[in-house]
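J.: what follows is a predicted protein model with its sequence.
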Amino acid sequence: MSEKVKFGRSKVFFDTFHRRPGPIKKNMHYCPGCGHGILHKLIAEAIEYHGIQEDTNLIAPVGCAVFAYYYFNVGSISVPHGRAPAVATGVSRAKPESFVISYQGDGDLAAIGFNEFLQAANRGEKMTVFFVNNSNYGMTGGQMAPTTLPGQKTTTSPYGRNPETEGYPTPVCEIVNALTAPVYIERVALTTPGRVANAKKAVYKAIQNLKERKGFSLVEVVAPCPVNLKMSADQVNEFIEKQMLNYFPLGCLRDKTADMEPGKLPAPVIRDEESVRKILFPVRSENGVAADFRNSSAVFDQELRVKIGGFGGQGVLSLGVMLANMARLRNFNVSWMPSYGPEQRGGSACCAVTVSRNTIPSPIIDRGGNLLIAMTQAALDKYLPELRDDGVLIYDHTAVKLPQLPETMQTYGIDALAIADEKLGSSKFANSVLLGVLAAVLAKNGMNEADKADFDKAFAEAVEEKFGKKPGAVEANIKAYEAGKAAL
Ligand SMILES: Cc1ncc(C[n+]2csc(CCOP(=O)(O)OP(=O)(O)O)c2C)c(N)n1
Ligand code: SF4
């Protein structure tokens, strides 16, 4: 390994680093003095040295670690908090040619993701984990982490961590050292040039293990987070040297790599998409549609992109769920994305439903919708711009005043709440009324007789699935649905 200090930028980094967007234009993603930058450099140089850039996948979860993808020119995947070892396992199993790195903070690895991390270590996954221990949750402003020291003040331990109530710092390397499978475990720090040189050796070794598929390697890096610890660069180094290293002693806890034969990742059992699809969706036929689905009507050929908006309490979100479930029961691909928040306090409510024979790339509908159900003026004003000019608008005509609309747009004014009240004695059935209206709209748009019957059947099945255990609820919803069909 090259012991020379390398100046300049590793080829494994992007040619240009972009500054962080926002008002302070000179900021990069990491704060001045942050340990992530030093570790990034060591990892990039090690990947370059071992010549594995092409096939490296770096998995970085939520936390300051996630910024890695702004810097490393490798296959990057950013994942939810704590999930990096699980995703890394998936990637390494599905792509045996890849070299998988999991790059995680202490909040991430030792708190929310501890189980996944330990399971991956225990399975001896052929991956390398870099674990940045900076004794706090950096990204969110310095809360207590599993690695916070006794007496250490953080925003959530303002009087200092009290071991009696908050426990002791989690010794991650020592815990992993109790497992049989891992091949290499080392803890390093970044406080002095000598320590950085040792860290470099450990990083190179862990990347070499990865390249040679020797097994699970862990490098814990005790790193500075000066901003959240409210310390200067010198002070934070002193804090690490004099305090953190007492709890996290440096050194190599295990190195079995010399005894390990270079291995191969097991070839995945399933590699072609078609057989995966058949296993996951056994009822689907070749073209992705269930064999028993008779939806020959052209109206089902296009992707249905629906936005439903109204007030919390109008059944907006469950209308979307019902529609998504109806499509799911017929083996369409579906997505349902609610907009939570103020609606729980009686404000606006919205959801987006996409129904498609094809893969749905994103559940977001912010343009190109072909159906809008607007129960309030605010919902109409907000979501009308997203509706295509030849789309369908179903609206509550007592609550909504229509603006000038393109002639190609179909509009159907309906007072679903009043119909539900009148026919069923409760406005809570308005969503089933609206699904009945939708059935009628689809019928007007060329749904053939067989598909009309099947739409009714899918509704009945979805209602049974949702309300089957509630006495009378299935019948009431079907009555509401029929009332909606008759209302047009
Ligand atoms: C599921 C989930 N829970 C909580 C959060 C909030 N969150 C974002 S970053 C973070 C802490 C990250 O700390 P750490 O892993 O130590 O990384 P650092 O930022 O210090 O590098 C938390 C709790 C989130 N984004 N997702
Ligand atoms: S908050 Fe801490 S860990 Fe995050 S970038 Fe800043 S110094 Fe680094």
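T.: That came in fine, so what should we check first? This one's a predicted model, so the numbers in the text were calculated from it and none came from an experiment. Ligands and ions are numbered 1, 2, ... in the order given.

J.: secondary structure of Arg213: a helix, I assume?
T.: No - under DSSP: H, G, I helix; E, B strand; the rest coil, Arg213 falls outside any helix and is assigned coil.

J.: gap between it and ligand 2?
T.: As for Arg213, its distance to ligand 2 is 31 Å (criterion: C-beta to the nearest ligand atom, to the nearest Å). C-beta here means a position set from N, CA and C on the backbone, and glycine is covered the same way.

J.: let me know whether that residue touches Thr257 as I believe.
T.: No - using C-beta atoms under 8 Å, Arg213 is not in contact with Thr257, being 10.9 Å away.

J.: so which bits of this structure are right by ligand 1?
T.: 62-65, 80-81, 105-108, 132, 134, 137-140, 145 (C-beta under 6 Å from any ligand atom).

J.: so among the residues you listed, which ones count as buried?
T.: In the residues of the chain next to ligand 1, burial by neighbour count holds for 62-65, 81, 105-108, 132, 134, 137-139, 145, counting by 16 or more other C-beta atoms under 10 Å.

J.: spatially, which two of the residues you listed are the most separated?
T.: His81 and Asn134 (16.0 Å; C-beta to C-beta).

J.: for Glu48, phi and psi?
T.: Dihedral pair for Glu48: phi -60, psi -50, per degrees, to the nearest 10.

J.: for it, give me its contacts.
T.: By C-beta atoms under 8 Å, 6 or more residues apart in numbering, the contact set of Glu48 is 10-12.

J.: cool, Met322 as well?
T.: With contacts defined as C-beta under 8 Å, 6+ apart, the neighbours of Met322 are 431-432, 435, 459, 462-463, 466.

J.: ok, of those, which one's closest to Gly194?
T.: So of the contacts of Met322, ranked by how close each gets to Gly194 (C-beta to C-beta), first place is Lys466, at 64.6 Å.

J.: count of neighbours near the closest one?
T.: Applying other C-beta atoms under 10 Å, we find 16 residues neighbouring Lys466.

J.: just the one 10 residues further on next, same as before
T.: Using other C-beta under 10 Å, Ala476 has 20 neighbouring residues.

J.: thinking again about what came up before, okay, and which of the contacts of Met322 map to helices?
T.: 431-432, 435, 459, 462-463, 466 (DSSP state H).

J.: if Ala189 is in a bridge, with which residues?
T.: Val222 (DSSP bridges).

J.: model confidence for it, exactly?
T.: pLDDT recorded at Ala189 is 98.

J.: how about the contacts made by it?
T.: Here Ala189 is in contact with 195, 199, 221-223, 240-241, 244-245, 250 (C-beta under 8 Å, 6+ apart).

J.: please repeat the previous calculation with a cut-off of 6 Å.
T.: Applying C-beta atoms under 6 Å, 6 or more residues apart in numbering to Ala189 gives the contacts 195, 222, 240, 250.

J.: what's the farthest-apart pair in these?
T.: Ile240 and Leu250 (10.2 Å).

J.: neighbour-wise, which of the two wins?
T.: Each of Ile240 and Leu250 has its neighbours counted (other C-beta under 10 Å); Ile240 has more, 25 against 17.

J.: helix, strand or coil for the more buried one?
T.: Classification of Ile240 using three-state DSSP returns helix.

J.: if we can go back for a sec, reformat the contacts of Met322 into JSON lines and put pLDDT next to each item.
T.: Listed next are those as JSON lines, based on pLDDT from 0 to 100:
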{"residue": "Asn431", "pLDDT": "91"}
{"residue": "Ser432", "pLDDT": "94"}
{"residue": "Leu435", "pLDDT": "95"}
{"residue": "Phe459", "pLDDT": "94"}
{"residue": "Ala462", "pLDDT": "91"}
{"residue": "Val463", "pLDDT": "93"}
{"residue": "Lys466", "pLDDT": "88"}
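
J.: which residue does the stretch 351-488 of the chain bring closest to ligand 1?
T.: Pro363 (18.4 Å; C-beta to the nearest ligand atom).

J.: who wins on neighbours among the contacts of Glu48?
T.: Val12 (22 neighbours).

J.: could you report the pLDDT at it?
T.: For Val12, the predicted pLDDT is 96.

J.: wait, doesn't it sit right on Gln53?
T.: Yes - assessed by C-beta atoms under 6 Å, Val12 is found in contact with Gln53 at 5.1 Å.

J.: which neighbours do the two have in common?
T.: Ile47.

J.: could you measure from Asp255 over to Asn445?
T.: Distance of Asp255 to Asn445, computed by C-beta to C-beta, to the nearest Å: 69 Å.

J.: looking at these two, which is more packed in?
T.: The neighbour count for Asp255 versus Asn445, taken as other C-beta under 10 Å, is higher for Asp255 (16 against 12).

J.: skipping adjacent residues, who's closest to that one in space?
T.: Nearest residue to Asp255, sequence neighbours excluded (C-beta to C-beta, 6 or more residues apart in numbering): Tyr184, at 5.4 Å.

J.: what residue in the stretch 251-400 of the chain comes nearest to ligand 2?
T.: Closest residue of the stretch 251-400 of the chain to ligand 2, C-beta to the nearest ligand atom: Gly251 (23.6 Å).

J.: the residue lying closest to that residue once chain neighbours are set aside: what's it in contact with?
T.: Nearest non-adjacent residue to Gly251, counting by C-beta to C-beta, 6+ apart: Arg187, 6.4 Å away. By C-beta under 6 Å, 6+ apart, the contact set of Arg187 is 173, 220, 248, 250.

J.: could you count how many residues lie near the third one?
T.: Using other C-beta under 10 Å, the number of residues around Phe248 comes to 22.

J.: can you pull the contacts of it?
T.: 187, 222.

J.: again, but for the first one
T.: Taking C-beta under 6 Å, 6+ apart as the criterion, Cys173 is in contact with 185, 187, 220, 253.

J.: quick one: the first one from Thr257, how far?
T.: Per C-beta to C-beta, Ile185 is found 11 Å from Thr257.

J.: equivalent analysis for the second one, please.
T.: Applying C-beta to C-beta, one obtains 16 Å for the distance of Arg187 from Thr257.

J.: please confirm that Val437 is located within a strand.
T.: No - under three-state DSSP, Val437 falls outside any strand and is assigned helix.

J.: got the residues of the stretch 101-250 of the chain near ligand 2?
T.: Counting by C-beta under 6 Å from any ligand atom, the residues of the stretch 101-250 of the chain near ligand 2 are 134, 138-139, 225-228.

J.: ok, now with 8 Å
T.: Listed as neighbours of ligand 2 in the stretch 101-250 of the chain under the rule C-beta under 8 Å from any ligand atom: 105, 132, 134, 136, 138-139, 141-142, 223-228.

J.: inside strands: which ones of the residues you listed?
T.: 105, 132, 136 (DSSP state E).

J.: right, and the first one touches Gly63 too?
T.: When you say that, I think you mean Gly105. Yes - if you go by C-beta under 6 Å, Gly105 and Gly63 touch, sitting 3.8 Å apart.

J.: among the contacts of Cys173, which two are most distant?
T.: Once C-beta to C-beta is applied, the contacts of Cys173 give Glu220 and Leu253 as the farthest pair, at 9.4 Å.

J.: so between the two, which is more surrounded?
T.: Remark: of Glu220 and Leu253, Glu220 carries more neighbours, 28 against 17, as counted by other C-beta under 10 Å.

J.: please say which of Ile185 and Thr257 ends up with more neighbours.
T.: Neighbours were counted for Ile185 and for Thr257 using other C-beta under 10 Å; Ile185 has more, 27 against 17.

J.: state which one residue of this structure is found closest to ligand 1.
T.: Gly105 (2.3 Å).
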